[in-house]
Each structure stands twice: as structure tokens, then as C-alpha cells.
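Undergrad: sequence? don't have it. structure:
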């Protein structure tokens, strides 16, 4: 049976309900400027009534729960868009830096140095005996080589900087992962009694979002539940939690499995991300990471490390470096190959090989379908003997044997003392370096020899690939430089083939070389990656850098637009609306005052009852 005290309790329940509602509203207002806060709402329901005749008698109200207005579906899109934007924006910043190393539009950089280098050869070809032109050519060659080398060093520095940023990112990833596991423990403890750990869930969402900006993650949180009776946008998760990175468990409830940073390969100076299994074996997951800042780092720096080549086999910056190396290597090989046309008294390779292996099985860019010639000049510059050397199906030792063979009549005159083998000898030393030298007494008599292509349009590149007579030293963009012997004294530079004044044939061939289509090899490919002129190949490579930079800008702008749209949608659901909260505040304040009026009314009723008794 209902009593007057029930009525008093009803008033008290109204006071208590309004107080909690005001507290929640105040909490919302105080966090209105907190971007990681999700607005909360009280759920008010009637207390269980007294079942009586002629009808139920109400016993006031109660707060059944305090929920946050959170839509997990929209939140997932927010995470995805944030990770995509971070990935695209970071790539844009790095590609802007990379593209600045190719200032070709400003008439600076490699292309400009290449043009000046061949212009110097053109000037030199007009008078190959002019020492001032030799000095100018040497200076342009050093500037050209230095520009290539500096550009590669800058690209390498960007790679190394990305590796340093990777280390910092992994430290932060592990720190956030540990915090998420700790928050999970607190959420489970707080929600054991059936309540909602709203602020802790906000904290976990904040950490998740930060983590997804760093690296792409996959999160499962048990079953999703919605309650349109509270809010049509309310879609929340249960208490289960699992977060994985690269397909490997990172946070499982309250258990945290840290990522390990280790060397990309043997003797590598770069690091990759590994997942440590329970048997303490590290598993490289770098190739499975494609999003966030770390995904952008891998897409730029590379993640697939090859121990044999000592470099990454992927990554935009690595590809740019590879093409720069290909460009420099082709320059070195072809320039040196033409420079070997110059008659000299001694040649030695700068590449060691196994003399017994077939030439076609080596990694050198030698076309074994082509031939070259060894020519002998006398003191007056006359060719007195020449011998063709075939490379098809031959070993390196076969080449030496061919040059040394005494069974060949080079001049077809049946004279055994005027053939190539009478003037020079070819051999390999114990380390595998190949050399050709004049025989005793021949140098003093003024004889010289050279190596020339049988077909200049289809060269074998044997002399250039072996580095027998070098204008450039090195084998790639990181080592290219003017030959040290020529650098010591630029007047030693030769533009002649025959050992006489006035012969400009080597210089003229160098000028022609800039218009020839040469083969460019990439990553020790057996087949050429491209066949183009030097300027054509470099323009293609520089254009690719520009296109990737433009693509990075476009992707960043698109991802920013998508992110802004999702943020707007998310905020419309979960952010605090001050106008709405102030309206609620007044509503609950009115309710509180009304409940207080109920209590004062009951108090007066009690006083009346007590007065009757007296």
C-alpha cells in the first residue's frame, strides 16, 4: 500500500535523477573543446511501480545508464580516413624534398651538367691538342660526376632519415599499444558491474586513432550493439578487444605484444619491423604494412631487403637511386668504352672476374653477340695490325687466348712478325684482373695499341665494362669520378685514336655518343631496362620523379577532403553541441526545482498530519 513516505521518496528520486543529469550535462559542457571527447547522455527510466488496484502507483525515476553517443561504423571510417591522410601527407612532404634534388627546370642539376660535359667534348674535338680545352673538359667532367654523386648522397640521406623516423615511430607504437592494454584492464574492471566506462572508451579511441595514423591496424571489439531508443546513431561495442598489425596480434585484451626493430638484412644499415613469436623467433612483417606514417616510410624507403645486392628491391626513393645508378653506370661504361679507342701502351681492368666462366654468365653489361678489335699503331699513327675478337660462347680466358694466339695471320701476308700477338700480350693476374701490355721493346719503338668496336652502333662494350682504359672511375652514381690519373694532370686527356697530333677521332666519337641510344640495366637485370640516349633516359627518370610528386599531392588533397567529410559526420554525431547542452541544462534545472517542490509539498503534508494527531 502506498504511503506518504513513498511520495517523499518519489521527490527524492527526481532530485537525484536531475542532479546526475545536470552533472552529465556539465561534464559535456566542460569537455566541449576536447576533440577526443564523445558527448554523453543519461537514460532516465521509471522505478518499478507498486502493482495495485485500480492501477500501478509510480515510485519515481532512476538513471539506468549513462551512455556516450558513439557510432562505431563512422568511427572506423574516421580511423581509415585519418590513416590514409597521414600516409598521403607524409609521402607528399618527402616527395617534395626528393623532387628538389632534380631542379632541371631551373637549368641546374644533372641534365645541365650533362649538356655542359658533352659541350666540352664538342669544343675539345675541334683541337684535341689544346691543353686549355683539356682542363675545361676535366672540370666539366668533375662537375658532372660531382652533381650525380651529390644527388645520390642526398637521396641516401632521405632514406637514412626515414629509417631514423621509423625507429621513433616504432617506439611510439609500442608505447601506445601498452597504454591501450592498460586501458582495457580499467575498462573491464569498471564495466564488470554493468556500467559504461565512457571516458575510458574515449581514451582508448583516442589511442586507436593515434596508432592508426602511425600504422595500419585491424581492430575487433566483439559484437556491435545499437539502441535506437536512446539515439539512432548509437552503435557501441562489447567488452572484447583484439588489435593486430600486419596480421600479427599486437594487443589482445590486456595482453600487449611489442613490435621489434631489427636489421633489414645481414650487414644492413637499415631496419625493418619484426613480430616476435612465443618461441622468440622474429618474423618480418614490414611487407604487410601499407598504411599510416610507417606504411608511407616503407613505400618510400623500401621494405624488401635483398642481402645479395645489399639494398631494397622496392620503395620509390630506392627506385630513383637505382635509375640514377643505372644512368651513371651506363655513362661510365660507354664513355670508357670509347676512351679505349685511344692508343696506349698498357691497359688493366678495374673489375676482377673468373677467367674460366662464360662471358655471358657474368653480370657485366657485355653484348656477347658483338665483336671488338685490337689495333696496333706504329709511331707514325699507321695501323699495322688488327685482330677481331669474337665473344659469342667465349670465356674471359678465351679472349686472352685469342689476343695471344700465334696461329693467326692478321695481315694475310704470311709474315709471322707483324701480327697483333707479336706486339701485345693479354693475361689475368691471380685476383682475376685482366691486362693487355706491349711486349718488351715495343713501347720504346713507338708502338701503341687500342681496343675499338667492330660496329660502333652495336658495341660489345667489352673494354668499357671491364674498365680497361678509363676516363671515369667507379661503377655507379655513388662512386663516379674523373679517373685519378687524368685528374692529377688533365693535359693527359686524349682525344685521338692514333698516337699522332691532329687526330680528333676519339673526341668526335664522344660527341656522337650523346646522340646514340645505349642500353641501361637495372638491378643486375640480364636484359636492358631501357635503350635510349643519355639525355632521354635522364629526362624520363626526372619526369617519373615529377609525376610521383604530383600524384602524391593529388592523393594528399583527395584524402584530406575525404577526411574532412568524415570528421564532419563524426562530429555531428559525437561532438558536444553547446546549444543542445544549455537547453538540457535548463530542462534538468527545472526538473530539479520541480522535484524540490514535491518534497516541500510532502513536508507540509507531514506537518498537517502531525498537527491532527496533536
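TA: Now that the structure is in, tell me what you want to look at. If you're wondering where the values come from, they're calculated on a predicted model, not measured in any experiment.

Undergrad: Going by C-alpha atoms from here, please, whenever you check contacts or count neighbours.
TA: Will do.

Undergrad: Okay, now the unreliable bits of this structure?
TA: For the chain, the stretches with pLDDT under 70 are 1-2, 105-107, 224, 226, 228-238, 613-614.

Undergrad: what's the closest non-adjacent residue to residue 249?
TA: Leaving out its chain neighbours, the residue that sits closest to residue 249 by Cα to Cα, 6 or more residues apart in numbering is residue 243, at 6.2 Å.

Undergrad: partner residues bridging the one you found?
TA: Assessed by DSSP bridges, residue 243 has beta-bridge partners residue 219, residue 251.

Undergrad: pretty sure it contacts residue 219?
TA: Yes - assessed by Cα atoms under 8 Å, residue 243 is found in contact with residue 219 at 4.4 Å.

Undergrad: of those two, who's got more company?
TA: residue 243 (21 against 16; other Cα atoms under 10 Å).

Undergrad: need the contact list for the more buried one.
TA: Applying Cα atoms under 8 Å, 6 or more residues apart in numbering, we find residue 243 in contact with 217, 218, 219, 220, 249, 250, 251, 252.

Undergrad: what ranges do the helices span in the stretch 451-600 of the chain?
TA: In the stretch 451-600 of the chain, the helices defined using DSSP state H, counting those that start in this stretch lie at 462-466, 484-488, 505-513, 534-574, 578-613.

Undergrad: The stretch 151-300 of the chain now?
TA: Using DSSP H, counting those that start in this stretch, helices in the stretch 151-300 of the chain cover 198-214, 292-301.

Undergrad: so which of these is the most packed in?
TA: Mean neighbour count (mean count of other Cα atoms under 10 Å) peaks for helix 292-301 among the helices of the stretch 151-300 of the chain, with a mean of 26.

Undergrad: Any chance you could list what contacts whichever helix or strand comes after it?
TA: For helix 292-301, the following helix or strand on the C-terminal side (DSSP states H and E) is strand 305-306. Residues external to strand 305-306 that are found in contact with it (Cα under 8 Å, 6+ apart): 264, 265, 311, 312, 313.

Undergrad: go on, stretch 35-47?
TA: Against stretch 35-47 from outside (Cα under 8 Å, 6+ apart): 17, 20-21, 24-25, 28, 31, 58-70, 198-199, 202-203, 205-206, 230, 574-576.

Undergrad: Only the buried residues of it, if you could.
TA: Neighbour-count burial for stretch 35-47, counted by 16 or more other Cα atoms under 10 Å, picks out 36, 37, 38, 39, 40, 41, 42, 44.

Undergrad: measure the fourth one to residue 576 for me?
TA: Shown here: residue 39 relative to residue 576, a distance of 5 Å by Cα to Cα, to the nearest Å.

Undergrad: Repeat that for residue 487.
TA: To residue 576, residue 487 is 72 Å away according to Cα to Cα.

Undergrad: Among these two, which residue is more densely surrounded?
TA: residue 576 (24 against 19).

Undergrad: quick one: buried residues of stretch 265-282?
TA: Within stretch 265-282, the residues that qualify as buried are 265, 270, 271, 272, 273, 274, 275, 276, 282, counting by 16+ other Cα under 10 Å.

Undergrad: tell me the two of these that are most distant?
TA: Checking the buried residues of stretch 265-282 against each other with Cα to Cα, the farthest-apart pair comes out as 270 and 276, at 18.5 Å.

Undergrad: just to revisit the earlier point, could the buried residues of stretch 35-47 go into TSV alongside distance to residue 482 and secondary structure?
TA: TSV is the format used below for the buried residues of stretch 35-47 (distance: Cα to Cα, whole Å; DSSP: H, G, I helix; E, B strand; the rest coil):
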residue	distance to residue 482	secondary structure
36	60	coil
37	64	coil
38	66	coil
39	69	coil
40	72	strand
41	76	strand
42	79	strand
44	85	strand
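
Undergrad: ok, those residues vs residue 287, which is closest?
TA: Closest to residue 287 out of those is residue 36 (31.6 Å), distances taken as Cα to Cα.

Undergrad: what are the phi and psi values for that closest one?
TA: phi -100, psi 10 (degrees, to the nearest 10).

Undergrad: Roughly how far does it sit from residue 206?
TA: Going from residue 36 to residue 206 by Cα to Cα gives 6 Å.

Undergrad: again, but for residue 350
TA: 59 Å.

Undergrad: Could you do residue 179 as well?
TA: As judged by Cα to Cα, residue 179 and residue 206 stand 11 Å apart.
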